[in-house]
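Novice: model this:
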Amino acid sequence: MIKGYFKDWTKFELIFLICGLIISTTSSILFGGTIINTLYTSLYLITALLMSKGKVESYFVGFVSVFFYAIVSYQQAYYGELIITTFLTFPIMIIGIISWLRHQDKEDDVVIVNTLPKKELIIAFSSQLILFWAYYFLLKAFHTDLLVLSSISIVTSVLASYFEARRSELSLFCYVANDIVIISLWIIPVINGQTALISVLVGPLLLLINDIYGSYNWRKLKKTQKEKLNKETENKVEVS
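Specialist: As a prediction, this is how the structure comes out:
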């Protein structure tokens, strides 16, 4: 059963999954990371890889990984990341899982990629540009570390989660931007001597590689699904 589940995985995806789990676990052991750090990094990697393949299971694993990330963020006083997780990521994930379950390509067992109208894109980006300042002053009130980066992290994370829920390939590009911001957030305390957080830093570094691959894979999925839809339409016309 387990072997059958991986039948549509490429060699790159399988190697990346195995190597990623080994790297995240090894880095945690070598640099004194906690069990929670290791669980977050490993589960988030699995979540991201499943998402890049368009698998709805990514949401089920994601709920658990996001919970552990909230704990890690709280321990590091990154309240921006904690707010994202508790009040934004979880609700959007609930909406997303409903959307993904309703729009499944059952033949290939992947989500049907959506094309969003320009009006929706303009509203999504402009709203976050405005809300950046709301995030900024809210985090400032909580005395959040690395205030500007934390505010940008919320913006990119909200956009990524929203576009993911809407089944748009733009989610992957926003996740890439968010990965870069998160890498910056965690690399600063590591440079300042908190080497135990290297196990946390490994996570977004692996995610960056995954999300770059995912952006390519989603474009391929979208093209394949479009060709399949055109073929089905042509067949219906011929039959009629």
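Novice: what are the ranges of the strands in the protein?
Specialist: Counting by DSSP state E, one finds strands in the chain at the ranges 104-105, 110-111.
Novice: And those strands: which comes nearest residue 91?
Specialist: Checking the strands of the chain against residue 91 by CB to CB gives strand 110-111 as the closest, at 19.3 Å. For the C-beta atoms, the positions are set from N, CA and C on the backbone; glycine is no exception.
Novice: Residues in contact with the closest one: which ones?
Specialist: Here strand 110-111 makes contact (CB atoms under 8 Å, 6 or more residues apart in numbering) with 53, 54, 55, 56, 100, 103, 104, 105, 167, 221.
Novice: at 6 Å instead, please
Specialist: In this structure, residues lying in contact with strand 110-111 by CB atoms under 6 Å, 6 or more residues apart in numbering are 54, 100, 167.
Novice: what's the answer for stretch 181-201, then?
Specialist: With CB under 6 Å, 6+ apart as the contact definition, stretch 181-201 has outside contacts at 27-28, 31-33, 37, 72, 146, 149, 152-153, 156, 204.
Novice: hey, where'd the helices end up in the chain?
Specialist: Secondary structure of the chain by DSSP state H: the helices cover 2-5, 11-30, 35-52, 57-75, 79-83, 90-102, 118-141, 147-165, 170-191, 198-239.
Novice: follow-up on the earlier one: would you show me how to pick out the buried ones of the contacts of stretch 181-201 in ChimeraX?
Specialist: The buried residues among those can be selected in ChimeraX (16 or more other CB atoms under 10 Å) with this line:
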select :27,28,31,33,37,72,146,149,152,153,156,204
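Novice: Save the contacts of stretch 181-201 as TSV, and put in distance to residue 45 and pLDDT too.
Specialist: Rendered in TSV, the data for those read as follows (distance: CB to CB, whole Å; pLDDT from 0 to 100):
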residue	distance to residue 45	pLDDT
27	12	81
28	13	78
31	17	77
32	20	76
33	14	71
37	13	75
72	14	78
146	24	83
149	22	88
152	23	91
153	19	87
156	19	93
204	10	85
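Novice: Next, count neighbours for residue 98.
Specialist: Using other CB atoms under 10 Å, residue 98 has 12 neighbouring residues.
Novice: and it, how far is that from residue 92?
Specialist: Using CB to CB, to the nearest Å, one obtains 11 Å as the distance from residue 98 to residue 92.
Novice: who touches residue 85 in this structure?
Specialist: Neighbouring residues of residue 85 by CB under 6 Å, 6+ apart: 66, 69, 70.
Novice: which non-adjacent residue is nearest the last one?
Specialist: Leaving aside its chain neighbours, residue 70 sits nearest to residue 85 (4.1 Å; criterion: CB to CB, 6 or more residues apart in numbering).
Novice: distance of that neighbour from residue 153?
Specialist: 11 Å.
Novice: try residue 20
Specialist: Summarising the geometry, the distance separating residue 20 from residue 153, computed by CB to CB, is 22 Å.
Novice: coming back round to it: and of the contacts of stretch 181-201, the nearest to residue 116?
Specialist: The shortest distance between residue 116 and any of these, using CB to CB, involves residue 156 and amounts to 17.2 Å.
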